[in-house]
Structure formats: C-alpha cells, structure tokens
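[1] coordinates only, sequence not included:
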C-alpha cells in the first residue's frame with residue numbers, strides 16, 4: 001500500500017524588515033539565490049511581480065532534464081503576502 005503523503009511546513013524568523021524580504025521574493029530573478037533544491041536555473045523575463053494575475057516563468061533543471069515552470073500569482077499584498085501557483089511549461093522551450 002502506498003505511503004500517505006505527508007505535509008511539511010517550515011518556518012524561520014529572519015532579522016530583516018518585511019519590505020526587504022518581500023522585495024527579494026517578489027523579484028523572480030533573485031529566486032536562484034535562495035533556492036534550496038538547486039533546481040532553479042534562472043528567469044525567462046526580468047521583471048518584478050507587481051499584482052495578482054502576473055505570471056513569471058522560471059528555467060528549471062531536475063534529474064538531467066531542463067524545463068520551464070510557469071507561475072501564476074494568485075495573492076499579492078505589497079510588503080505582506082505573495083502567493084503563486086506553479087504549472088509545468090513546455091520543456092522544449094527551456095533554453096540552457
């Protein structure tokens with residue numbers, strides 16, 4: 001019988017102003033700096049997230065495969081909250 005999926009949640013207090021943290025997270029070009037998985041290779045478009053409905057596409061790499069991950073911003077409250085939903089992109093468009 002397959003093992004039930006487990007939810008994992010992690011939190012950490014960062015001694016920095018929320019505005020600075022938000023500025024970094026809202027800039028997809030900076031995501032490679034804090035990617036703990038070593039899968040993020042870069043961003044397709046270089047522009048910060050500014051509102052719900054924005055999208056940004058990341059170049060990714062996993063198990064020898066390059067691919068794109070399209071991210072749809074579904075929540076955005078400046079300096080407070082940002083949430084996006086990822087969806088696989090077309091791997092043939094993942095430039096190295």
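    Ah, there it is. Given the structure is predicted, the values throughout are model-derived calculations rather than measurements. Numbers count the residues shown, from 1 in each chain.

[2] only C-alpha atoms for contact and neighbour calcs from this point on.
    Fine.

[3] And residue 82, how close does it get to residue 45?
    Residue 82 sits 18 Å away from residue 45, going by Cα to Cα, to the nearest Å.

[4] Have a look at the two and say which one is more surrounded.
    Under the criterion of other Cα atoms under 10 Å, the comparison of residue 82 against residue 45 puts residue 82 first, with 18 against 12.

[5] Dihedrals phi and psi, that one?
    phi -150, psi 130 (degrees, to the nearest 10).

[6] Quick check: it touching residue 73?
    Yes. With contact defined as Cα atoms under 8 Å, residue 82 reaches residue 73; the gap is 7.5 Å.

[7] who touches the helix ranked longest in the chain?
    Of all the elements of type helix in the chain, the one with the most residues (DSSP state H) is helix 18-25. In this structure, residues lying in contact with helix 18-25 by Cα atoms under 8 Å, 6 or more residues apart in numbering are 30, 31, 78, 79, 80, 81.

[8] Go through these and flag which are in helices.
    Short answer: the contacts of helix 18-25 in helices (DSSP H) are residue 31.

[9] Looking at the contacts of helix 18-25, which is nearest residue 69?
    residue 31 (12.8 Å; Cα to Cα).

[10] For the closest one, which non-adjacent residue is closest in space?
    residue 25 (6.9 Å; Cα to Cα, 6 or more residues apart in numbering).

[11] Can you report how many residues neighbour that neighbour?
    17.

[12] And it, how far from residue 53?
    Counting by Cα to Cα - residue 25 and residue 53 are separated by 16 Å.

[13] again with residue 71
    10 Å.

[14] which of these two has more neighbours?
    Ranked by neighbour count (other Cα under 10 Å), residue 71 and residue 53 place residue 71 first, with 20 against 13.
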